[in-house]
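>>> Following is a predicted model, sequence given first.
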Amino acid sequence: MSERSISTQRLLRAGLTLVVVVAAGFLVSALWRAYVVAPWTRDGRVSAQIVRIAPEVSGTVAEVSVADDQYVKRGEVLYRIDNASFALALAQAEAQLAAAEVSLRQKTEEARRRRGMESLVPAEDIQRANQAVAIAQAELRGARVTVDRAKLDLARTELRAPTDGYVTRLRLNKGDYAVAGQPNLALIDAHSFWITGYFEETKLRGIKPGAAAQIRLMGFDQVLPGRVASIGRGITDSNQQADAQGLPSVEPSFSWVRLAQRIPVRVEFDHVPHEVVLAAGMTGSIEVTPSAGTPMPQGRLISLLHRWM
């Protein structure tokens, strides 16, 4: 083999090695920017507002109008409590109100007659008559309050959905005894879904409230548009936990390998297609569009790396 051929092969090997090294360096750089620098996380959790439904009066459940996981609209009846005793209480209160009205009319007329005979009736009698009218007026106001309270209790035997949502944790059957103040079902607000992304603190410089975001849920292929709503302002610090004496329980050692803390960032969904089913607790990845002036990686390779990771 001639020296010229050997020289050519060496140049080819050197050139190939250089190309591989440059490509590897570019890939490592892209991985570094995509994984360490870019405002992106795989740790996203879907959440929603949960409304716990509890009766304001106690009684036997007469009817359950919904099923677990059922969608209901605001104002729909969830369940009813037997209202017989509350209807009787209202009738009794209305009877007492009628008696109070009659009593006030009688005492008012009596006081008017005594004032008309001021020259013949002692002043003490007139004063007592006026006091009786004042007492009757107070009793009438109390009777009206009792009627209003009885009407309110009667209305509270029918529990309705406070918002559009999905019934969950339904632990109620006809014949159960519902206790005032004790929740027996929950309602997931259908209009309150959001996703919380836990971003490393090194990535927060590229995240601002109002920034656009792309959300990829684990169970769906669609990319959902979103927007950063807020950035969490605090996480738990184990060194701030107090011991039995109320003193800070500080860790005795400090690791020189510092791991970036993860900060919660709330992202609201801009639009959710009908075929995408949201449920609190679902997971997904979030990619935030960097704010203006923040150097961030761009290009198709970065997007592919995000999807792969």
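Received the coordinates, thanks.
>>> can I have stretch 191-211 written out in PDB, keeping just the CAs?
C-alpha atoms of stretch 191-211 as PDB (Å, rounded to 0.1, in the frame of the first residue of the first chain):
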ATOM      1  CA  HIS A 191     -64.500  24.700  35.600                       C
ATOM      2  CA  SER A 192     -61.600  24.700  38.100                       C
ATOM      3  CA  PHE A 193     -59.100  22.300  36.600                       C
ATOM      4  CA  TRP A 194     -55.400  23.400  36.500                       C
ATOM      5  CA  ILE A 195     -52.100  21.700  36.500                       C
ATOM      6  CA  THR A 196     -49.200  22.400  38.900                       C
ATOM      7  CA  GLY A 197     -45.700  21.900  37.600                       C
ATOM      8  CA  TYR A 198     -42.800  21.500  40.000                       C
ATOM      9  CA  PHE A 199     -39.900  23.300  38.400                       C
ATOM     10  CA  GLU A 200     -36.300  23.300  39.700                       C
ATOM     11  CA  GLU A 201     -35.400  26.700  41.100                       C
ATOM     12  CA  THR A 202     -32.700  27.000  38.400                       C
ATOM     13  CA  LYS A 203     -35.400  27.200  35.800                       C
ATOM     14  CA  LEU A 204     -37.600  29.900  37.400                       C
ATOM     15  CA  ARG A 205     -35.700  32.800  35.700                       C
ATOM     16  CA  GLY A 206     -37.500  31.900  32.500                       C
ATOM     17  CA  ILE A 207     -41.000  31.700  34.000                       C
ATOM     18  CA  LYS A 208     -43.200  34.700  34.500                       C
ATOM     19  CA  PRO A 209     -47.000  34.900  35.300                       C
ATOM     20  CA  GLY A 210     -48.900  35.100  32.000                       C
ATOM     21  CA  ALA A 211     -46.300  33.200  30.000                       C
END
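>>> Show me how far that stretch is from its chain's centre.
From the chain centre to the centre of stretch 191-211 is a distance of 17 Å (C-alpha atoms, centre = their mean, to the nearest Å).
>>> Buried residues in that stretch, which are they?
For stretch 191-211, burial by neighbour count (16 or more other C-beta atoms under 10 Å) applies to 192-200, 203-204, 206-208, 211. (Glycine included, C-beta is placed from N, CA and C.)
>>> Check stretch 215-229 too.
Neighbour-count burial for stretch 215-229 [16+ other C-beta under 10 Å]: 215, 216, 217, 220, 224, 226, 227, 228.
>>> cool, and stretch 87-100?
Neighbour count says stretch 87-100 has 89, 90, 93, 96, 97, 100 buried, by 16+ other C-beta under 10 Å.
>>> and which of those residues is nearest residue 154?
Nearest to residue 154 among the buried residues of stretch 87-100: residue 90, at 5.4 Å, using C-beta to C-beta.
>>> In contact with the closest one, which residues are there?
147, 150, 151, 153, 154 (C-beta atoms under 8 Å, 6 or more residues apart in numbering).
>>> which ones among these are found in strands?
Using DSSP state E, the subset of these located in strands is empty.
>>> What is the nearest of these to residue 232?
For the contacts of residue 90, the nearest to residue 232 is residue 153 (42.3 Å; C-beta to C-beta).
>>> Could you pull up the residues touching the most centrally placed residue in the chain?
Computing the C-alpha centroid of the chain and ranking residues by C-alpha atoms, centre = their mean puts residue 49 first, at 2.5 Å. Residues counted as contacts of residue 49 (C-beta under 8 Å, 6+ apart) are 188, 189, 192.
>>> give me that answer again for 10 Å
Contact partners of residue 49, counting by C-beta atoms under 10 Å, 6 or more residues apart in numbering, are 163, 165, 187, 188, 189, 190, 191, 192, 193, 194, 280.
>>> Which members of these define the maximum pairwise distance?
Applying C-beta to C-beta across these, the maximum distance is between 187 and 194, 16.8 Å.
>>> neighbours around residue 110, how many?
15 (other C-beta atoms under 10 Å).
>>> and the gap between it and residue 165?
58 Å (C-beta to C-beta, to the nearest Å).
>>> Good, we can wrap up now.
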